[in-house]
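Trainee: Sequence and computational prediction follow.
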Amino acid sequence: MQITRVTIHRYEIPLDEPFVTALKPIPELERVLLEVETDGGIVGWGEGAPAYEVTGETQGSTVAVLKEVIGPLILEKDPIAVERVVDDVWSLVDGAPSARAAVEIALQDIRGKAAGMPLYRLLGGAAAEPTLSAPKVLSIKSPEEMASDAADAVESGYEQIKIKVGDEPATDIRRVQAIDEAVPDRTSLKADANQGWRDAKTTLEALREIEEFLDVIEQPVSKENIADLVFLRKRLDVPIMPDESVETASDASDLIRRGAGDLYNIKLMKTGGISEAARLNAVAEAANRPTQIGSMVEGHVGTAAGVHFAAALDNVIWNEMVGPFMTTTGVTDLSYDLPRIEVSGPGLGVGVDRDALAELRSEKLVIE
């Protein structure tokens with residue numbers, strides 16, 4: 001089997017409401033779908049979800065790398081030889097992790113379709129069809145608004161709440177306290193500062209006020225401040241989960257060696273795809289550190305890839321693939337029943353609605 005055509009779809013997904021984190025507000029998702037066609041009639045789909053603050057990419061730079069470098073490189077390659085093609089891409093492309101992830105996701109989709117198996121099975125998952133719960137992720141708002149949003153989420157069936165914090169510690173404390181009061185005791189609460197609490201002293205003071213309510217705190221300080229993560233981990237009871245600080249298996253090895261983090265947030269868009277994500281997870285598992293699969297607010301294709309990854313690996317204890325929950329607009333038939341996403345069928349198990357994609361698409365580029 002050979003790759004005969006690569007099509008890049010630049011598209012934008014409107015969100016139901018702006019998604020606000022300590023990094024920036026996100027009014028819409030600027031994403032890239034990659035369509036890979038073969039001479040065997042099988043089509044694979046991948047997605048890039050660039051975020052400059054995390055991956056160093058923009059939508060435009062992702063399109064450019066796929067158009068100028070990766071697309072021409074993979075033409076006439078065997079898509080079933082995923083590892084070989086991925087190695088070729090990595091040897092030529094430095095950086096651009098979401099572009100690299102888009103390619104591998106598409107190849108893994110083809111591989112699964114050719115084998116007649118869902119991707120999670122090819123990655124080593126059990127035969128039972130997985131149904132994975134995800135948290136409700138609360139955008140930064142006033143404490144009162146976030147408490148109301150949390151109560152509504154629990155009422156609709158969510159059992160986990162992820163609280164975006166990181167803009168101002170005193171207000172963040174009130175946010176967490178208000179949310180804890182608004183939801184039942186059984187509700188799992190997590191907080192994510194997205195690097196917003198810049199120094200260890202401020203972070204320590206804030207977390208001592210709220211750690212009793214939390215199951216985990218994610219990336220409280222700047223991603224470069226590994227020493228601060230070590231400092232905090234020694235002084236707090238709440239588990240610390242690095243996110244932006246860990247992109248690759250090598251990063252995980254370094255953080256584990258230094259004692260920075262109790263578990264790690266894996267994102268396919270940070271690692272550059274499934275293969276490196278699996279290596280990162282293996283490093284963490286060898287050190288008895290669990291992982292979660294985190295969201296870059298991907299569209300349906302990227303979300304499906306993350307759910308398959310989470311379903312395949314026992315060390316992945318949480319699934320946070322929540323992009324489709326933030327919009328009523330989509331381009332696939334991904335099945336989900338809030339707060340659960342279901343994956344089945346060969347490959348990613350999702351079909352792309354070309355008419356819906358055409359309505360959202362701002363650019364289409366064909367390489368053949």
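Mentor: Ah, there it is.

Trainee: what is the mean pLDDT for the strand or helix carrying residue 114?
Mentor: Assigning secondary structure by DSSP states H and E places residue 114 in helix 97-115. The average pLDDT within helix 97-115 is 98.

Trainee: Check which helices and strands that helix is in contact with.
Mentor: Helices and strands touching helix 97-115, by 3 or more CB pairs under 8 Å, 6 or more residues apart in numbering; DSSP states H and E, are strand 25-38, strand 43-48, helix 59-65, helix 82-92, helix 119-122, helix 268-271, helix 274-286, helix 300-312. Glycine gets a C-beta too; all of them are placed from N, C-alpha and C.

Trainee: Let me know the angle separating it from helix 300-312.
Mentor: Relative orientation of helix 97-115 versus helix 300-312 (axes from the mean of the first three to the mean of the last three CA atoms, to 10 degrees): 70 degrees.

Trainee: So what pairs up with residue 138 in the strands?
Mentor: residue 163 (DSSP bridges).

Trainee: Now for the closest residue to residue 223 other than its chain neighbours: which residues touch it?
Mentor: Sequence neighbours aside, residue 244 is the residue nearest to residue 223 in space, at 3.8 Å (criterion: CB to CB, 6 or more residues apart in numbering). By CB atoms under 8 Å, 6 or more residues apart in numbering, the contact list for residue 244 reads 54, 194-195, 219, 223, 270.

Trainee: What's the separation between residue 244 and residue 333?
Mentor: Distance, residue 244 to residue 333, by CB to CB, to the nearest Å: 32 Å.

Trainee: Mind jotting down where the strands sit in the stretch 101-250 of the chain?
Mentor: In the stretch 101-250 of the chain, the strands defined using DSSP state E, counting those that start in this stretch lie at 131-133, 136-138, 160-164, 188-192, 216-218, 240-241.

Trainee: What does residue 256 show for phi and psi?
Mentor: When read as degrees, to the nearest 10, the backbone of residue 256 gives phi -60, psi -40.

Trainee: Now the helix or strand that contains residue 336: buried residues?
Mentor: In the assignment (DSSP H and E), residue 336 maps to strand 335-337. By 16 or more other CB atoms under 10 Å, the buried positions in strand 335-337 come out as residue 336.

Trainee: other SSEs contacting it?
Mentor: strand 340-342.

Trainee: The strand it packs on packs against which elements?
Mentor: Looks like strand 340-342 contacts strand 131-133, helix 300-312, strand 335-337 (3+ CB pairs under 8 Å, 6+ apart).

Trainee: Which of the ones you listed sits closest to residue 6?
Mentor: Within the helices and strands packed on strand 340-342, the stretch nearest residue 6 is helix 300-312; the backing value is 15.0 Å (CB to CB).

Trainee: Identify the residues contacting residue 202.
Mentor: residue 169.

Trainee: which residue is nearest the centroid of this protein?
Mentor: Closest to where the C-alpha atoms of the chain average out (CA atoms, centre = their mean) is residue 295, at 2.6 Å.

Trainee: On the three-state scheme, that one is what?
Mentor: What DSSP: H, G, I helix; E, B strand; the rest coil gives for residue 295 is coil.
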